[in-house]
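> Give me a model of this one.
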Amino acid sequence: MANHLFRWDKLALRRQLSVIRGEIAPSIVLKNATFLSSARKAWMNGHIWIYEDRIVYVGNDWPGKTTDTEVIDCEGKYIVPGYIEPHAHPFQLYNPHTLAEYAAVRGTTTLINDNMFFYLNIEKKKALTLIEELDQLPSSMLWWARYDAQTELEDEDTLFSPSNMMAWLHHPLVVQGGELTSWPKVITGDDTILHWMQQTKEINKPIEGHLPGASESTITQMTLLGVNGDHEAMNGEEALRRLDIGLTTSLRYSSIRPDLPVILEELMEAGVKDFSRFTFNTDGSTPAFYRQGVIDKAISIAIDKGVPLIDAYEMGSYNVARQYALDEHLGMIAPGRIAHLNILEDKENPVPKAVIAKGRWVLRDEKPVYPERHFSWEEYGVRPFMIDWELTEDDLHFSMPMGIELVNSVILKPYQISVDVTNAQLAEHHDECFFVMLDRFGKWRMNTVIKGFATHIDGFATTFSNTGDIVLIGKNKDDMCKAFEALKKHDGGMFLVEDGKVIESIPLKLFGAMSLEPMDKLMGMHESMTAALKERGYLHEDPIYSLLFFSSTHLPYVRVTQKGIFDVHKKTVLFPSIMR
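Down below sits the predicted model:
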């Protein structure tokens, strides 16, 4: 298997040496550059030589040969390393390709990605081939290796088999284990996951935690078990708790947890002077949130809050590379590094005017020039969400005494159903709706009532969920059926029906979870769907997260899973799913 991080064979290395010796011309020279040197932690002046996808020289010398070299005068400009997003979930309606393109033209040229959807939905060999294909993009696409599905699956032991886990952990594009959402299992005695954590440490890869609200004792125990970093701090005190215990602490600015400004204010008030063990992340934000930017936005917030300028840039680049032992490949402007470079007009403004990724222009004169690339997704097992079964009258039969209550975007609590669920339509003066989860293959269903999602949604259907199963929500059973039919016709997505007609939709052609549309268009669709749901009584931050996390057992208190309504604390099924 090729080492995709050290990307150069012997012939390529010899050509790079020939550039230094003046025998071969570099591809690009950025002359008169003021650039950020992480080795000196200072702004330096000089010329940057790029040959193909690699920085081969940084200094005051001029290349001996410049035939066909593209020479760019950077006088008055500032150059910083391409930004790195260490915690991307590249399946939040967008897909890894469209997210990578959007992020790169805003300066975030490296993504370290969740592997969950690929792991759960694609055969191992095809999935690993796909991540290698994605790394052919100008962006550097690196990955995690999950230890669990963060829900209750019928065949979890088969999915997380030794052969699957070893193949992912040892792949050179996989640079960490985690995120570790199943830490309660580990801390209370699950040796299977602990075994995979030990395997991760054996091959010198870090482990990312998932420790929201964790106490000092819990974080200490998880550190002893091998966790290196965590991204779940929600205030300055929690960030310092992680820092003091020795974790690399990633500060989050996401659509559901935009905590970064407050965290930074509190860290500054606490007198923090050294930011070398802090990084940034956007934790899989939904599309419209990225209108603000990606890691460039986080750096901008840090600068505004008084973080020293070089520290702010290094939190978005060098610190991440060093955490993953990738600093000889990424995160620095120095010989031997992949040529990811952002050219700035003003060093106080991290939004680039031009971006080079793997030695290729992806943004030039503020115009995106990211190269087009066609992915044959089906070749890798990424298929449309095909439904070959029919919804029946029995599927909309409700008799369960217990419902679920959405108390914020992601938290579900049990509650006693008080409305009459035998009718074909519920009244609009309350916030209770019919709720059905259906197996994607039509094998089982779970029928209950959801409180707190909306007041007057007639029919809504989606395939966007943590498990890839189907969710129907609504007041009107006929419109719920019509939403299901629209979903079936379009091979997955989100469909909102009112008075028998589809009024909003987001087709998701890949697994029923990811769109093929470019980010700009998808952002508009996301904003339109969110506005329509809020007009119909959705009161929380983002309905996309609510839909994604209905099944996610790393969150309290109850979840709707393939096994039924699941009590997360007691780890028991309260009401089993019903076979169809």
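
> what's the closest non-adjacent residue to the residue nearest in space to the middle of the chain?
In the chain, the residue lying closest to the centroid (C-alpha atoms, centre = their mean) is residue 89, at 1.6 Å. Closest residue in space to residue 89, ignoring its immediate chain neighbours: residue 284 at 2.7 Å, by C-beta to C-beta, 6 or more residues apart in numbering. Where C-beta positions appear, they are placed from N, C-alpha and C, glycine not excepted.

> isn't the residue nearest to the centre of the chain right next to residue 281, touching?
No - using C-beta atoms under 8 Å, residue 89 is not in contact with residue 281, being 10.1 Å away.

> follow-up on the earlier one: residues contacting the residue nearest to the centre of the chain?
113-114, 116, 283-284 (C-beta atoms under 8 Å, 6 or more residues apart in numbering).

> Let me see the ranges of the helices in the stretch 351-500 of the chain.
Under the criterion DSSP state H, counting those that start in this stretch, the stretch 351-500 of the chain carries helices at the ranges 477-489.

> what separates the helix or strand of the chain with the lowest mean pLDDT from the chain centre, distance-wise?
Least confident helix or strand, the chain: helix 156-159 with a mean of 82, by mean pLDDT, DSSP states H and E. Relative to the chain's own centre, helix 156-159 is displaced by 23 Å; criterion: C-alpha atoms, centre = their mean, to the nearest Å.

> Same check on stretch 335-354?
For stretch 335-354, the distance from its own C-alpha centre to the chain's C-alpha centre is 23 Å (C-alpha atoms, centre = their mean).

> any idea of the mean pLDDT in that stretch?
Across stretch 335-354, pLDDT averages out at 98.

> Just the terminal-to-terminal distance for that stretch.
Start and end residues of stretch 335-354 are separated by 21 Å (C-alpha to C-alpha, to the nearest Å).

> which of the residues in that stretch are buried?
337-344, 347, 350-354 (16 or more other C-beta atoms under 10 Å).

> Break down the stretch 51-200 of the chain into its strands, ranges please.
Applying DSSP state E, counting those that start in this stretch to the stretch 51-200 of the chain gives strands spanning 54-59, 70-73, 78-81, 83-88, 108-113, 140-145, 174-180.

> Strand partners (parallel or antiparallel) of the fifth one?
Okay, so that is strand 108-113. Note on strand 108-113: by DSSP bridges, its sheet partners are strand 83-88 (parallel), strand 140-145 (parallel).

> Nearest to residue 320, out of these?
Counting by C-beta to C-beta, residue 320 lies closest to strand 83-88 out of the strands paired with strand 108-113; the figure is 4.1 Å.

> what residues are up against residue 549?
By C-beta under 8 Å, 6+ apart, the contact list for residue 549 reads 410, 466, 555.

> and which of these is nearest to residue 215?
Nearest member of the contacts of residue 549 to residue 215, counting by C-beta to C-beta, is residue 555, at 17.9 Å.

> follow-up on the earlier one: so how far is residue 67 from the residue nearest to the centre of the chain?
If you measure residue 89 against residue 67 using C-beta to C-beta, to the nearest Å, the figure is 45 Å.

> Need the contacts of residue 89 in CSV (columns: neighbour count and distance to residue 9).
CSV is the format used below for the contacts of residue 89 (neighbours: other C-beta atoms under 10 Å; distance: C-beta to C-beta, whole Å):
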residue, neighbour count, distance to residue 9
113, 27, 26
114, 22, 30
116, 19, 33
283, 21, 36
284, 23, 35
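
> of all those residues, which two lie farthest apart?
Pairwise over the contacts of residue 89, using C-beta to C-beta, the maximum falls at 116 and 283, 13.5 Å.

> which intervals of the stretch 401-550 of the chain have sub-threshold pLDDT?
Within the stretch 401-550 of the chain, no stretch has pLDDT under 70.

> can I get the strands of the stretch 51-200 of the chain in TSV with distance to residue 374 and mean pLDDT?
Converted to TSV, these look like this (distance: least, C-beta to C-beta, whole Å; pLDDT from 0 to 100):
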stretch	distance to residue 374	mean pLDDT
strand 54-59	26	98
strand 70-73	27	98
strand 78-81	29	98
strand 83-88	22	98
strand 108-113	20	98
strand 140-145	16	98
strand 174-180	25	97
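
> out of the ones you listed, nearest to residue 532?
Of all the strands of the stretch 51-200 of the chain, strand 83-88 comes closest under C-beta to C-beta, at 27.4 Å.

> For that closest one, report the contacting residues that lie outside it.
Residues from elsewhere that reach strand 83-88, judged by C-beta under 8 Å, 6+ apart: 99, 103, 107-114, 179, 208, 231, 250, 252, 279-284, 294-296, 299, 316-317, 320-321, 323-324, 330-331, 342, 350.

> My read is that residue 48 contacts residue 332, right?
No - here residue 48 does not reach residue 332: they are 11.7 Å apart, not a contact under C-beta under 8 Å.

> coming back round to it: name the member of the contacts of residue 549 with the most neighbours.
Counting neighbours by other C-beta atoms under 10 Å, residue 466 leads these with 22 neighbours.

> I'd assumed residue 546 was in contact with that one.
No - with contact taken as C-beta under 8 Å, residue 466 and residue 546 are classed as non-touching, separated by 11.3 Å.

> residue ranges for the helices of the stretch 1-150 of the chain, please.
With DSSP H, counting those that start in this stretch as the criterion, the stretch 1-150 of the chain has helices at 10-20, 96-104, 116-121, 124-134.

> Kindly state which of those helices is positioned closest to residue 445.
Relative to residue 445, the nearest member of the helices of the stretch 1-150 of the chain by C-beta to C-beta is helix 116-121, separated by 20.4 Å.

> quick one: contacts of that closest one?
Residues contacting helix 116-121 (C-beta under 8 Å, 6+ apart): 89, 91, 127, 130-131, 146, 149-150, 159, 164, 168, 381-382, 468, 511, 513-514.

> ok, now stretch 560-570?
With C-beta under 8 Å, 6+ apart as the test, stretch 560-570 has contacts from 151-154, 402, 404, 412, 414, 435, 437, 439, 444, 446, 448, 467, 469, 550-551, 553, 555-559, 572-577.

> which among the residues you listed end up buried?
With burial judged by 16+ other C-beta under 10 Å, the buried subset of the contacts of stretch 560-570 is 151-153, 404, 412, 435, 437, 439, 444, 446, 448, 467, 469, 550-551, 553, 555, 557-559, 575, 577.

> Which of these fall within strands?
Using DSSP state E to define strands, the subset of those located there is 404, 412, 435, 437, 444, 446, 448, 558-559, 575.
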